[in-house]
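**Student:** Okay, predicted coordinates and the sequence, questions at the end:
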Amino acid sequence: MSDTNRVPCLSCESGTLHAVFEPYPVVIAEGVSVFSDPVRFMKCDSCGEVIMHGDEAASADVSAGKNLLREVIQQERTLNGRGVAFLRALISMTAKELSLRLRLDATTVSQWEGRNTNIPQPTAFAVAVFILRELAKSKDEFLKEIENLLMKAFSKVA
């Protein structure tokens, strides 16, 4: 490896930053994270410090959000107010807008987020499907995603 590929870590001053391409744990709430799909970032081999380019950070957030939604739809994870706040930010929607789009009382999403309560599974499922649709680049992408989730669900039952 040449010296041009070795970048000293500014945090610990003893390690070296190396380029990696791997899933990244995106923090959605204190003590709660979801792994993204693999993204590129620099990581210190000594202290673990991470440096990520803005586009990669945004990509990690979106893929972690989609992974969270998949887990909620497959009932592998509960959805709470902090998760809703993270997901809502991904689709650039206010709490009031999300409440109204889901045909809920205008203050419902704000209450979930403020209390950080777990959302009942049927409601969490509906929220997850709605946000997954909003994150999809096209109707075909959304339908393919739902088809994949259904195939997984059926294979678990069979």
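**Tutor:** Sure, I can see it. Numbers count the residues shown, from 1 in each chain.

**Student:** count of neighbours near residue 142?
**Tutor:** The tally of other residues near residue 142 (other C-beta atoms under 10 Å) stands at 16. Where you see a C-beta, it was placed from the backbone N, CA and C, and this is true even at glycine.

**Student:** next one: residue 86
**Tutor:** 20.

**Student:** cool, the one 5 residues further on as well?
**Tutor:** Neighbourhood size, residue 91 [other C-beta under 10 Å]: 17.

**Student:** pLDDT weak spots in the chain?
**Tutor:** 1-5, 157-158 (pLDDT under 70).

**Student:** switch to 50 and redo it
**Tutor:** 1-3 (pLDDT under 50).

**Student:** how about the strands in it?
**Tutor:** Assigned by DSSP state E, the strands in the chain fall at 7-8, 16-22, 25-29, 32-35, 39-44, 50-51.

**Student:** buried residues in the fifth one?
**Tutor:** Along strand 39-44, these residues count as buried under the neighbour rule (16 or more other C-beta atoms under 10 Å): 39, 41-44.

**Student:** can I get the CA coordinates of that strand in PDB?
**Tutor:** Only the C-alpha atoms of strand 39-44 are listed here, as PDB (Å, rounded to 0.1, in the frame of the first residue of the first chain):
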ATOM      1  CA  VAL A  39     -21.700   2.200   1.600                       C
ATOM      2  CA  ARG A  40     -18.300   3.700   1.200                       C
ATOM      3  CA  PHE A  41     -16.600   5.500   4.000                       C
ATOM      4  CA  MET A  42     -13.300   6.000   5.800                       C
ATOM      5  CA  LYS A  43     -12.700   4.200   9.100                       C
ATOM      6  CA  CYS A  44      -9.900   4.500  11.600                       C
END
